[in-house]
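Trainee: fold the following and give me the result.
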Amino acid sequence: MTWQTEVFDGHAHFPVTFQGNLSGGFSDHGEFGEWYAATFGEEKWAKINAQNAELQKDWWRGYSFPFPEPDSDDALVTAARWSAELSQNDISGILWVTGGGNDTLASVCRRDARFYGLAHHSPIHPEAGTELRRAVTELGLSGYKMFATSLRRRIDDPSLYPLWQAAEELQVPVLIHFGILGGAGGVGAGPSIDPLTLHDVAKGFPDVPFIVPHFGCGYVREALQLAWACPNVFIDTSGNNEWLRWMDHRLSLEDLFRRFFETIGPERIIFGSDSASFPRGLARQYVEDQLRAAWSVGIGGNDLQAIFAGNIKRLLKMPDAD
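Mentor: Numbers count the residues shown, from 1 in each chain. A predicted model of the protein is given here:
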């Protein structure tokens with residue numbers, strides 16, 4: 001075994017050109033991007049995105065990562081590359097939280113039994129709930145992913161209830177990104193940037209497992225408070241967590257593992273790498289850093305297994321889940 005425990009990557013992005021689902025398709029910036037372009041013009045929106053792309057290069061340099069290749073137009077070739085990547089790095093499975101649209105990602109997941117995928121169509125489309133049902137029951141996807149920060153409304157707005165109702169009927173997990181979006185130069189404010197805006201939804205749909213990624217992505221206290229209040233809220237550990245630099249008090253990766261472990265226990269913490277593009281492939285350094293951080297605060301044995309594989313496998317209803 002390469003690692004001291006089984007590792008199942010619970011948060012990764014399949015790097016393929018978006019093919020589309022529902023009108024308007026999918027974008028990380030979603031409703032925010034549409035609002036910005038309509039308010040300030042397409043030319044300024046293009047400039048903002050170009051600035052964001054340049055600023056992202058700083059953290060790639062900081063980790064000595066190679067700059068990413070453009071998203072592929074050939075999903076099956078990329079799937080083969082990722083299959084080899086999992087085997088080479090002893091990763092037992094991977095959950096793609098985005099990947100070219102629902103139909104495209106479903107076709108990718110059929111290529112390797114270790115691949116699982118989430119639907120990721122627009123949450124504000126009138127047929128969002130219907131599309132989630134199709135994605136799960138017909139396409140075989142395992143849940144839903146969205147970016148709350150991109151919304152121009154609160155996430156507890158009743159207009160989104162059909163989506164939560166569909167997830168409740170299907171008994172599938174919903175992963176929702178809160179906090180900063182897109183890294184430096186990205187979106188840093190919005191009606192739903194705070195994880196606590198999910199409180200009433202999580203209370204209203206207690207059978208839906210809601211996953212808040214990146215330890216709350218700059219909203220640690222809020223994510224802890226939400227998960228403490230709502231037993232159906234899970235936290236994932238994915239990403240480089242660069243936002244730690246501007247917390248109002250010093251926090252480390254070890255601090256994050258300790259605080260969430262002490263508050264909600266090992267059963268609701270999910271490992272993720274936030275890996276995506278080649279030539280980097282798996283962000284192996286993130287796996288190593290997180291295993292080291294968990295071990296250093298005394299997490300081991302069955303608890304380590306739960307965090308790094310068991311919890312996400314249970315939510316995905318895998319037969320060998322602990």
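
Trainee: retrieve the pLDDT associated with Leu22.
Mentor: Leu22 carries a pLDDT value of 57.

Trainee: scratch that, Asp320
Mentor: As predicted, Asp320 sits at a pLDDT of 79.

Trainee: identify the residue spatially nearest to it, adjacent ones excluded.
Mentor: Among residues not flanking Asp320 along the chain, Lys313 sits closest, at 6.9 Å (CB to CB, 6 or more residues apart in numbering). Using the backbone N, CA and C atoms, a C-beta is placed for each residue, glycine as well.

Trainee: does the one you found touch Val7 like I think?
Mentor: No. Contact criterion CB atoms under 8 Å: Lys313 and Val7 do not qualify, at 11.3 Å.

Trainee: okay, how far is it across stretch 85-98, tip to tip?
Mentor: Terminal residues of stretch 85-98 are spaced 18 Å apart (CA to CA, to the nearest Å).

Trainee: for that stretch, which positions count as buried?
Mentor: Residues Glu85, Leu86, Asn89, Ile91, Ser92, Gly93, Ile94, Leu95, Trp96, Val97, Thr98 are the ones in stretch 85-98 that count as buried (16 or more other CB atoms under 10 Å).

Trainee: please flag which of these sit within strands.
Mentor: Among those, DSSP state E puts Gly93, Ile94, Leu95, Trp96, Val97, Thr98 in strands.

Trainee: pLDDT and distance to Ala128 for those - can I get that in JSON lines?
Mentor: Shown next, in JSON lines, are those (pLDDT from 0 to 100; distance: CB to CB, whole Å):
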{"residue": "Gly93", "pLDDT": "98", "distance to Ala128": "27"}
{"residue": "Ile94", "pLDDT": "98", "distance to Ala128": "25"}
{"residue": "Leu95", "pLDDT": "98", "distance to Ala128": "20"}
{"residue": "Trp96", "pLDDT": "98", "distance to Ala128": "19"}
{"residue": "Val97", "pLDDT": "97", "distance to Ala128": "16"}
{"residue": "Thr98", "pLDDT": "95", "distance to Ala128": "15"}
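
Trainee: can you report how many residues neighbour Leu118?
Mentor: Leu118 has 27 neighbouring residues, counting by other CB atoms under 10 Å.

Trainee: tell me the backbone dihedrals of Asp9, please.
Mentor: phi -80, psi 110 (degrees, to the nearest 10).

Trainee: spatially nearest residue to it (excluding sequence neighbours)?
Mentor: Closest to Asp9 by CB to CB, 6+ apart is Ile94, at 4.4 Å.

Trainee: ok, that neighbour touching Arg114?
Mentor: Yes. Counting by CB under 8 Å, Ile94 touches Arg114, with 6.3 Å between them.

Trainee: can you list residues touching both of these two?
Mentor: The overlap between the contact sets of Ile94 and Arg114 (CB atoms under 8 Å, 6 or more residues apart in numbering) consists of Leu86.

Trainee: longest helix anywhere in this protein?
Mentor: In the chain, taking DSSP state H as the definition, the longest helix is helix 42-62.

Trainee: dump that helix to PDB, restricted to CA.
Mentor: Coordinates of each C-alpha in helix 42-62 appear next as PDB, following Å, rounded to 0.1, in the frame of the first residue of the first chain:
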ATOM      1  CA  GLU A  42     -18.900  41.300 -22.100                       C
ATOM      2  CA  GLU A  43     -15.600  43.100 -22.700                       C
ATOM      3  CA  LYS A  44     -15.100  43.800 -19.000                       C
ATOM      4  CA  TRP A  45     -16.100  40.300 -18.100                       C
ATOM      5  CA  ALA A  46     -13.500  38.900 -20.500                       C
ATOM      6  CA  LYS A  47     -10.900  41.200 -18.900                       C
ATOM      7  CA  ILE A  48     -11.800  40.100 -15.400                       C
ATOM      8  CA  ASN A  49     -11.400  36.400 -16.400                       C
ATOM      9  CA  ALA A  50      -8.100  37.100 -18.100                       C
ATOM     10  CA  GLN A  51      -6.800  38.800 -14.900                       C
ATOM     11  CA  ASN A  52      -8.000  35.900 -12.800                       C
ATOM     12  CA  ALA A  53      -6.200  33.400 -15.100                       C
ATOM     13  CA  GLU A  54      -2.900  35.400 -14.700                       C
ATOM     14  CA  LEU A  55      -3.300  35.600 -10.900                       C
ATOM     15  CA  GLN A  56      -3.800  31.900 -10.600                       C
ATOM     16  CA  LYS A  57      -0.300  31.300 -11.900                       C
ATOM     17  CA  ASP A  58       1.200  32.500  -8.600                       C
ATOM     18  CA  TRP A  59      -0.100  29.600  -6.600                       C
ATOM     19  CA  TRP A  60       0.900  27.100  -9.300                       C
ATOM     20  CA  ARG A  61       4.400  28.600  -9.100                       C
ATOM     21  CA  GLY A  62       4.300  28.500  -5.300                       C
END
